[in-house]
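# Predicted model and sequence below, questions to follow.
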Amino acid sequence: QVQLVESGGGSVAAGGSLRLACQSSRTNFRIRDGTWHRQAPGKRRELVARIMIDGSTDYGDFLEGRFTISRDDTKKTVFLQMNDLKPEDTFVYYCNLDGFDTYYAEFYDDWGQGVQVTVSS
């Protein structure tokens, strides 16, 4: 069963923008931390951005301020705004939501299936 849904991937020319969204499908889920990672075939997954429960954020050093992570807890959603995209940003992007289900009183750490982002030169 899919526990979170990613959207917003696609193809864009260099310099363009995309906005990724990651929404939990769990009915009573409270997000603690939300994280975006990216991975190329045969390579290790790398951290892109993280947003903590208090709203503080952390980014991969390679981003140079081009991406912004945010959250809307009322919608159980974490966003990744990607600006000034470069061909080297071409990856599959994966969302991870860590949080608490208030109905089952359980912590969960859910991963999405990934969305493709392709940037052409």
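Received the coordinates, thanks.
# only C-alpha atoms for contact and neighbour calcs from this point on.
Fine.
# now the strands for this protein?
Using DSSP state E, the strands of the chain run over 4-7, 10-13, 18-24, 29-39, 46-51, 57-59, 67-72, 77-82, 91-101, 106-111, 115-120.
# Was I right to think residue 31 contacts residue 53?
Yes. Counting by Cα atoms under 8 Å, residue 31 touches residue 53, with 7.1 Å between them.
# So these two - more neighbours on which side?
When neighbours are counted by other Cα atoms under 10 Å, residue 31 comes out ahead of the other of residue 31 and residue 53, with 26 against 15.
# Quick check: that one vs residue 95, distance?
12 Å (Cα to Cα, to the nearest Å).
# hey, what's in contact with both of these two?
Taking Cα atoms under 8 Å, 6 or more residues apart in numbering as the contact rule, residue 31 and residue 95 touch no residue in common.
# tell me, what residue is most central in the protein?
For the chain, residue 36 is the residue whose C-alpha lies nearest the centre (Cα atoms, centre = their mean; 3.3 Å).
# Quick check: closest non-adjacent residue to it.
When the adjacent residues along the chain are set aside, residue 36 lies closest to residue 95, with 4.6 Å between them (Cα to Cα, 6 or more residues apart in numbering).
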